[in-house]
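Engineer: please find the sequence and the predicted model below.
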Amino acid sequence: MATQNNKEIFLCGLKKLFKEQWQADVLLKAGNSDKGATISAHKLVLASRSMVLKKIMESDEFKASSSKLETVTFSEMKHEELEALVEFMYSIDGSISSESFKKHVRPLYLAADKYEIPHLRDLCRSQLISSLNSSNALNSSNALRA
């Protein structure tokens, strides 16, 4: 019993850091977010999940920011979609809540492609293909090409 509890504590460590915003060192902003609506995150986690985000955060322009915490803007995403992306990035097993995943699968696929997050792209592609039927085939194929 104690071993299972220790394992759960270990596996939930990243999500706990995120929820507590402990030592967060970057802010994430969606394209539709209000001026102050940001998500606090950790550069190390983002850089370990996405080479594109790592390059953005290593850039001189990013480092030269005059604010205390730098902000990365995801202009193509809505705030709720960005929350789902961050949830995935902080998951230890590369998962996301089923409801959030199904609701945001198309924008998550596009973000996974843009920010080079192959595992998320694979999960989204599988979900899009499995949900394909004659009434949505054209819409889904357009989403994959975008």
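Structural biologist: Happy to help now that I have it.

Engineer: C-alpha from now on. contacts and neighbour counts both.
Structural biologist: Fine.

Engineer: doesn't Asn32 lie inside a strand?
Structural biologist: No. Read with DSSP: H, G, I helix; E, B strand; the rest coil, Asn32 is coil and lies in no strand.

Engineer: which non-adjacent residue is nearest it?
Structural biologist: Nearest non-adjacent residue to Asn32, counting by C-alpha to C-alpha, 6 or more residues apart in numbering: Lys78, 5.4 Å away.

Engineer: now do the helices in the protein.
Structural biologist: Per DSSP state H, the chain carries helices over the ranges 2-11, 13-20, 43-49, 51-58, 60-63, 79-89, 98-103, 105-114, 118-130, 137-145.

Engineer: buried residues in the fifth one?
Structural biologist: Of the residues in helix 60-63, none is buried under the neighbour-count criterion (16 or more other C-alpha atoms under 10 Å).

Engineer: let me see the confidence value for Asn136.
Structural biologist: If you check Asn136, the pLDDT there is 67.

Engineer: you'd agree the residue nearest to Asn32 is up against Ser33?
Structural biologist: Yes. With contact defined as C-alpha atoms under 8 Å, Lys78 reaches Ser33; the gap is 7.1 Å.

Engineer: which residues touch the residue nearest to Asn32?
Structural biologist: 30-33 (C-alpha atoms under 8 Å, 6 or more residues apart in numbering).

Engineer: got it, and Glu81?
Structural biologist: 104, 107-108.

Engineer: now His119
Structural biologist: Gly94.

Engineer: could I get the helices of the chain in TSV, plus columns for distance to Thr71?
Structural biologist: Listed next are these as TSV, based on distance: least, C-alpha to C-alpha, whole Å:
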stretch	distance to Thr71
helix 2-11	28
helix 13-20	16
helix 43-49	11
helix 51-58	9
helix 60-63	8
helix 79-89	13
helix 98-103	24
helix 105-114	17
helix 118-130	23
helix 137-145	28
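
Engineer: these: lowest mean pLDDT?
Structural biologist: helix 137-145 (a mean of 57).

Engineer: related to what we said a few turns ago, highest neighbour count among the contacts of Lys78?
Structural biologist: When neighbours are taken as other C-alpha atoms under 10 Å, the top entry among the contacts of Lys78 is Ala30 (21 neighbours).
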